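> Everything below, folded, please.
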Amino acid sequence: MVYVPYRPGPWASTFTLHLRTTANSPAIARTLREKVNEIDRQAPVFNIRTAADEIGRSLLRERLVATMTALFGTLALALASIGLYGVLSYAVTRRTRELGIRVAIGATAQSILWRVLREAGWILSIGIAVGLGAAWALGRIVGSLLFEITPTDAVSTTVAVLVLVVAGAIAAWIPARRASRIDPIGALRYE
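Predicted coordinates for the structure are as follows:
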C-alpha cells in the first residue's frame, strides 16, 4: 500500500481513505461525512466499512466452502453410521439362530456383545483404512484450498478417526446389545 498526499486534479476522481480509530464506526462515519462535506459539498462519501467488515467480505467464499464442507461431512458421517447400523442389524437378524445356539450352549451375554462389536470393529477398521488411503491420495488436489494446514495433518486426521470410531461404536452398540439379549428358545424357533 502506498500513501500519496491528495492533490486535486484530473487524475484524482476517486480515492480511498483509511482511518484508524478507537471510536465506534457509526459515529466516525457521520463525522467523516460532515468533514468531507465541509471541504467539498460535491464529493460523495460512500462504502464506509470497518476493517473487520472488509476482512469478512474477502473471506465470504472461503467461509461458505468451509460451511458446506462441514455440512456434507456431517451428512456423510450420519449416513455411514446409519449404514453400519443397518449392516450390523441385518447380520444380527440373519444370525439369530446361531447366536441363540451359542447362548443355549453357555455363551454369556457379554461374549455375544463383544463378538458383534468385534465384527463392527473390523468393518470400521477396513473403512478407516480405505478412507485414510483415499485421503492421502487425494490430498494433493485439495491442498491448495487449505489454509495453515496440510492434507496430511496428524491432529486433524486423528480427530477425524476418533469421531468415526465413536460414531461407529454408537451405531454398533444397538444391534450388539440386542444380540446379547437373545432368548435361546425363541431364537431356535426363529425362521
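> could you pull out the helices for this protein?
25-39, 51-58, 60-94, 96-104, 109-142, 154-180, 184-189 (DSSP state H).
> need these in a markdown table with distance to L19, mean pLDDT and mean neighbour count, can you?
The way it works is simple: take the backbone N, C-alpha and C, and place the C-beta from them, glycine included. A markdown table is the format used below for the helices of the chain (distance: least, Cβ to Cβ, whole Å; pLDDT from 0 to 100; neighbours: other Cβ atoms under 10 Å):
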| stretch | distance to L19 | mean pLDDT | mean neighbour count |
| --- | --- | --- | --- |
| helix 25-39 | 7 | 81 | 12 |
| helix 51-58 | 10 | 81 | 10 |
| helix 60-94 | 23 | 88 | 13 |
| helix 96-104 | 74 | 84 | 18 |
| helix 109-142 | 39 | 88 | 14 |
| helix 154-180 | 39 | 87 | 16 |
| helix 184-189 | 78 | 74 | 13 |
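> between these, which gets nearest to H18?
helix 51-58 (8.5 Å; Cβ to Cβ).
> how close does I101 sit to R95?
10 Å (Cβ to Cβ, to the nearest Å).
> likewise G168?
Counting by Cβ to Cβ, the gap from G168 to R95 is 19 Å.
> For I101 and R95, list the residues in contact with both.
The overlap between the contact sets of I101 and R95 (Cβ atoms under 8 Å, 6 or more residues apart in numbering) is empty.
> Turn the helices of the chain into TSV, including distance to H18.
Formatted as TSV, these follow (distance: least, Cβ to Cβ, whole Å):
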stretch	distance to H18
helix 25-39	11
helix 51-58	9
helix 60-94	21
helix 96-104	73
helix 109-142	35
helix 154-180	36
helix 184-189	77
